[in-house]
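Undergrad: Pasting a predicted model and its sequence here:
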Amino acid sequence: MEVRLSFLSLFAAMMLTSLNLYPQDLHIKKAEGPITVDAVFDESSWQQAEVADRFNQFFPYDTSEAIAATEVRMTYDHEFLYVAAVMRNLGPRDYITPSLRRDFRGRGYDGFTLVLDTYKDRTNAFVFGINPFGVQREGLISNGGNTTRTGRTGSSGSSSFSLTWDNKWYAEAKIHEGYWTAEMAIPFSTLRFKDNVDTWYVNFYRIDSEYTETSTWALIPRNFSVINLSFNKELKWDQAPGNPGRNISLIPYTAFKSSKNFEENTPTNTTLTAGGDAKVALTSALNLDLTINPDFSQVEADQQVTNLDRFEIFFPEQRQFFLENADLFASFGSDNARPFFSRRIGITSDSATGTPINNALYLGARMSGNINNNWRVGLMSVQASKEDDISLPSINYTVGSVQRRIGQRSNVSAIMVSKQAFQDSIGGDFKIKPTTWNRTFGLDLNLATPDNKWSGKAYYHRTFDEMDEDSTYSLGVGVNYQTYRWEGRSDFRSIGANFNPDVGFARRTDFNQIRGTIYHNFYPSTGSIQAHAPGFDFDFLGNEQFGLTDWDLNILYRINFRNNARFSLRLRRQYTYLFEPFDPSGTEGLELPQGSDYTYNFVIAEFNSDERKSLFYEIQTNSGEYFNGSRLNLEGTLSYRYSRKILASMNFAFNRIRLPEPYNDADLVLIGPRFDITFTRKLFWTTFIQYNNQIENMNINTRLQWRYMPVSDMFLVYTDNYFAGVDDRFIDFSRSKSRALVFKLSYWFNI
């Protein structure tokens, strides 16, 4: 009998291990004394804290425990949530980081990350991470952490994960023989949560460069993203956290700018400005952001691209004022058809020349967050200044949204976007200008099953303005299916000819579109390939006036390697009908005639190398037949990491376009060397150069940043633009277009 019981106990233990039935939650107890954030766990509270360990491997496999063991403990006091983590190895080794710059990311680094779903909605979460050198990162997860396949190569995107959000918290790390430790202190005032709720959802994941391993505490199947929120476990509080009390942050700034426009030969413009932001917690779940005369000079310039498309290019938002709870405003609609796009605010253009112009903002207010576990709201209003040089009146931008949770992971949302011009009367009164306005109203339904197998979306939007036209709608419906072996998605969209979201983004209008993609995944148990998948993709687009205007059929193949390298291939047959004249050379030459159509074949491929190496690269091509000619394309980034402090990279794009007479041939070149020197975790110097012969410009941008206090910075930025590719010269350094020098100082303090 004793032998039988022993055998049964052993069998039960083996079954529990094989099924990975580890504890499904983590209990957190209040600290018994003060905690010093030094990555040394000598306080008694850590010895008594419950341990989250036995991490599961996520990459390259998901059927075993992690090779590199990790242990995590949590505690708290009235002000901070504390996290202590021990990352063990199998022996001494070196660690890899992209640099010492905050908000690191990539597939080949070492790091530990905490994921907090404070509302238990499995839709939105906070991310806090650290690497062995004490470099911090923080971000926001939306859309349940579901990544979508983006780009023409079909590579994996990360639109649901943003590291541009910034906030104040504290962390330290230490490297020991055979392991490293990390300790975090996250103020409750930094988080957003509902008072007196005694459970949250939590997960931890670790990326280890030595074993090319990603591991998670909560088991996540490898066909999903590592930030997927569907599988997080419960964090159970011994006392539910309450309202942290008064929570107000002020972030004033002062900036000096000197600029000169040599093309227009205007006098040097020197300005000294001041302003700032404030963050006011109306409740522990609802935040109010205020801004007065905001300045965005610390935002890096957009990386230039060679535009051979017939439509506008989308650049993502990076400005802090618009980032917290950004999904409440920015997630409506679908790709390239959104009712609200925050970059329409504060940036305008000269209608005569098309030159981008910074449109100063007088003030703005933005309230966002949760009313309770079922309702989220967002309300924003920003007043932009008038620009007399381009006859632009003062514009008010107002956006309101509301979201109602349905079930575990679904919601219905509504949005209203208003653009309203104001005018100064002779007496100086500020009055509405009734002839210049634009409104957008929309309703979205987002559905997702608890197991993340099915998800979908349906929406209807409509715009209104003084033109009072018909066909001002945008609608769509889509469905996604994802299992261990199969991955598929399809959607239908229809956008009216006069859909006009002035504060949104509509890449094109007047079309009906149906598209779909399917992959079948294979997971080899041995060899250098971690996963590979053949697939098929189609896209059909047209309208009533011209019939079928665009279609493409694609044979797909993608490979993920065990060393974190990736490859994707797309063999495409494409049809294009030109409803407007178009110059495919991108040189403003003779245009292909309106009404002509073209069917052509080409290949799209992309390879991303092993980022753990000192020399790594990503390269892609889009080459083959091109309208009535041919195109040879090669673009990407070559990077070299010298120790932890210096990263040199070269962005490049080359397009060799050959078209029959009398159309223009073109050799378009874009080269962008970049040097990123991180002297310490607080002092950074970045210089990049962008040469673009398509727009005959070379841009030099160099920026020194000193983070002298948490989330408090000093910037010194110099930019210069020169004529390039003109008068048979590569670059004419004697002909500067414009030049600017900016100094900015900001400070974050809590009151």
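TA: Nice, I can see it.
Undergrad: can you give me the strands in the stretch 501-650 of the chain?
TA: Secondary structure of the stretch 501-650 of the chain (DSSP state E, counting those that start in this stretch): strands at 505-506, 511-520, 529-543, 547-561, 566-577, 597-608, 615-626, 629-642, 646-658.
Undergrad: Check which helices and strands the third one sits against.
TA: This means strand 529-543. strand 511-520, strand 547-561 (3 or more Cβ pairs under 8 Å, 6 or more residues apart in numbering; DSSP states H and E). Using the backbone N, CA and C atoms, a C-beta is placed for each residue, glycine as well.
Undergrad: one step back: most packed of the strands of the stretch 501-650 of the chain?
TA: Highest mean neighbour count among the strands of the stretch 501-650 of the chain (mean count of other Cβ atoms under 10 Å): strand 505-506, with a mean of 20.
Undergrad: Contacts for that strand, please.
TA: If you take Cβ atoms under 8 Å, 6 or more residues apart in numbering as the criterion, strand 505-506 is touched by E312, F314, N336, A337, R338, F341, R344, S474, I495, F499, N500.
Undergrad: And that strand, how far out from the chain middle?
TA: Counting by Cα atoms, centre = their mean, to the nearest Å, strand 505-506 is centred 18 Å from the centre of its parent chain.
Undergrad: Can you list the strands that that strand pairs with?
TA: Strand 505-506 has its sheet partners listed here by DSSP bridges as strand 337-338 (antiparallel).
Undergrad: Distance from the chain centre to the partner strand, please.
TA: For strand 337-338, the distance to the chain centre is 17 Å (Cα atoms, centre = their mean).
Undergrad: Could you point out the helix or strand that follows that strand?
TA: Sequence-wise, the next helix or strand downstream of strand 337-338 (DSSP states H and E) is strand 347-349.
Undergrad: From the contact counts, what lies against that next one?
TA: Other elements packing on strand 347-349 under the criterion 3+ Cβ pairs under 8 Å, 6+ apart are strand 356-358.
Undergrad: And the residue most central in space within the chain, how close does it get to R566?
TA: Nearest to the mean C-alpha position of the chain, counting by Cα atoms, centre = their mean, stands S162 at 4.0 Å. Distance from S162 to R566, counting by Cβ to Cβ, to the nearest Å: 21 Å.
Undergrad: With G346 instead?
TA: From G346 across to R566, the span is 36 Å (Cβ to Cβ).
Undergrad: quick one: which of the helices and strands packed on strand 529-543 is nearest S99?
TA: Nearest to S99 among the helices and strands packed on strand 529-543 is strand 547-561; the distance by Cβ to Cβ comes to 24.1 Å.
Undergrad: Next, the angle from that closest one to strand 566-577.
TA: 170 degrees (axes from the mean of the first three to the mean of the last three Cα atoms, to 10 degrees).
Undergrad: now strand 547-561: how far from the chain's centre is it?
TA: In terms of Cα atoms, centre = their mean, the centre of strand 547-561 is found 24 Å from the chain centre.
Undergrad: And that strand, what does it pack against?
TA: Short answer (3+ Cβ pairs under 8 Å, 6+ apart): strand 547-561 packs on strand 511-520, strand 529-543, strand 566-577.
Undergrad: make it 10 Å
TA: Judged by 3 or more Cβ pairs under 10 Å, 6 or more residues apart in numbering; DSSP states H and E, the packing partners of strand 547-561 are strand 155-156, strand 511-520, strand 529-543, strand 566-577, strand 597-608.
Undergrad: elements contacting the last one?
TA: I take that to be strand 597-608. strand 547-561, strand 566-577, strand 615-626, strand 629-642.
Undergrad: re earlier: G407: which of the helices and strands packed on strand 547-561 is closest?
TA: Judged by Cβ to Cβ, the one of the helices and strands packed on strand 547-561 that comes nearest to G407 is strand 511-520, at 25.9 Å.
Undergrad: Neighbouring strands of the closest one in the sheet, and parallel or not?
TA: strand 486-495 (antiparallel), strand 529-543 (antiparallel).
Undergrad: can you put the ones you listed in a markdown table and add distance to A384 and mean pLDDT?
TA: As requested, the strands paired with strand 511-520 are exported to a markdown table (distance: least, Cβ to Cβ, whole Å; pLDDT from 0 to 100):
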| stretch | distance to A384 | mean pLDDT |
| --- | --- | --- |
| strand 486-495 | 27 | 96 |
| strand 529-543 | 34 | 97 |
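Undergrad: Next, format these as a markdown table and append distance to E177.
TA: Putting the strands paired with strand 511-520 into a markdown table (distance: least, Cβ to Cβ, whole Å) gives the following:
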| stretch | distance to E177 |
| --- | --- |
| strand 486-495 | 43 |
| strand 529-543 | 31 |
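Undergrad: my read: Q513 touches V477, true?
TA: No - at 11.5 Å, Q513 does not count as touching V477 under the criterion of Cβ atoms under 10 Å.
Undergrad: shared neighbours of the two, anything?
TA: Counting by Cβ atoms under 10 Å, 6 or more residues apart in numbering, the common neighbours of Q513 and V477 are S334, D491, F492, R493, S494.
Undergrad: what's across from F743 in the sheet?
TA: With DSSP bridges as the rule, F743 is bridged to F256, L716.
Undergrad: Kindly report the same for S410.
TA: Beta-bridge partners recorded for S410 (DSSP bridges): I406.
Undergrad: and of the helices and strands packed on strand 529-543, who's closest to G527?
TA: Nearest to G527 among those is strand 547-561; the distance by Cβ to Cβ comes to 9.5 Å.
Undergrad: pLDDT below threshold where in the protein?
TA: The model of the chain has pLDDT under 70 over residues 1-23, 147-159, 296-316, 318, 350-356, 424-430, 434, 725-734.
Undergrad: domain ranges for it?
TA: Using automatic domain parsing, the domains assigned to the chain come out as 16-237, 253-283+285-297+609-751.
Undergrad: what about Q594, how many neighbours?
TA: A count of nearby residues for Q594, using other Cβ atoms under 10 Å, gives 12.
Undergrad: Tell me how far it lies from Y626.
TA: Look at Q594 and Y626: by Cβ to Cβ, they are 19 Å apart.
Undergrad: Please consider this matter closed, and thank you.
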